[in-house]
Every structure is written in structure tokens, then in C-alpha cells.
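Q: okay, sequence plus prediction incoming.
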Amino acid sequence: MDNQLHPDRELTKDELLWRFIIKTIPLLDIMNEYIPQPLCTNKNQNATACLFCNDSGQHLTVNPDKNIFYCYECHISGGVIEFICRVKDLSFNDSVKYLVNILLDGKKYEKHDKEILMKRYEEAKIKKEKKDDNK
């Protein structure tokens, strides 16, 4: 995987896990569980009322190609991890854990992918616990 900001720096296991989640889980699939009304499609974007600012218009847009959302009313934006953080009121790490569980429960993912994902998640969890212990 490329690292555009610091091309000489190797990505951490956390960053690899986050990128894997972002590229693997379609934001629209997750959003459809929480959006009360269907998304209106316009070119390469979908729009609906924002869940976060309770607007009545179609201000929350989703770009499925980039797997990101943005609200033109309250200016909240992000990807699938940030969406789960906000909609479920979870921390970033808890949102990652939640999405890992979705991946592990999904039948469309190969066993090999599950093993890699679980190994990366466990390594990231151990690393975080060690960091918390050192505080």
C-alpha cells in the first residue's frame, strides 16, 4: 500500500487495518441500516437527510466510489469508521472493533482474509494495551 504523506515511512499495523476496513466495507451498506428514508441518487453521489443535524433536506451526501460522506448543513464528514463513531456514539477504537466483527460475521469474506484481519486486530489491541499500561 502506498503512503502518500510520508512515502519513506512504513504503514503501521493499525493503519493497515483501518485501510482494509475502509476499502472492504461499503459505507452505503452500513448507512442503509440507519437511514430512515432511501437515498436519492444523483450521478456518482447519493443524498439523504442528515442523521447528525436533523436537517429536513437532502444535505447528507455519500460518494460510494470514495466511500465517504459529507453533510452540507453541519459539515460532518468521514468514512465508514467515522460514521459508526457518530451514529453509535463509539470511540474510534470501538468503532473499528464493531466493524471487524461485521467483517468476521460476513460470509462473503474468505477465511484467509478473516485470519489476516483477526491477527492484525489482535496485534493492534495488544499494542494499545501495552501503550495504556505504560501511562
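A: Nice, I can see it.

Q: any weak-confidence spans in the chain?
A: Filtered on pLDDT under 70, the chain yields the residue ranges 1-8, 36-38, 106-129, 131-132, 135.

Q: can you pull out the strands in it?
A: 40-42, 45-48, 60-63, 68-71, 77-78 (DSSP state E).

Q: could I get those in a markdown table, plus columns for mean neighbour count and distance to Lys23?
A: (C-beta placed from N, C-alpha, C; glycine too.) Shown next, in a markdown table, are those (neighbours: other C-beta atoms under 10 Å; distance: least, C-beta to C-beta, whole Å):
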| stretch | mean neighbour count | distance to Lys23 |
| --- | --- | --- |
| strand 40-42 | 11 | 22 |
| strand 45-48 | 20 | 19 |
| strand 60-63 | 20 | 14 |
| strand 68-71 | 20 | 12 |
| strand 77-78 | 14 | 15 |
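
Q: so which of these gets nearest Thr24?
A: Nearest to Thr24 among those is strand 68-71 (14.8 Å), distances taken as C-beta to C-beta.

Q: what strands flank the closest one, and is each parallel or antiparallel?
A: strand 60-63 (antiparallel), strand 77-78 (antiparallel) (DSSP bridges).

Q: do you know which of those lies nearest Asp29?
A: Once the strands paired with strand 68-71 are compared by C-beta to C-beta, strand 60-63 is nearest, at 10.8 Å.

Q: which residues touch the closest one?
A: Residues from elsewhere that reach strand 60-63 (C-beta atoms under 8 Å, 6 or more residues apart in numbering): 27-28, 31, 39, 44-52, 68-73.

Q: how long is stretch 30-50 from one end to the other?
A: 15 Å (C-alpha to C-alpha, to the nearest Å).

Q: how about stretch 19-30?
A: 16 Å.

Q: got the buried residues for that stretch?
A: Residues of stretch 19-30 classed as buried: 20-22, 24-25, 27-28, 30 (neighbour count, 16 or more other C-beta atoms under 10 Å).
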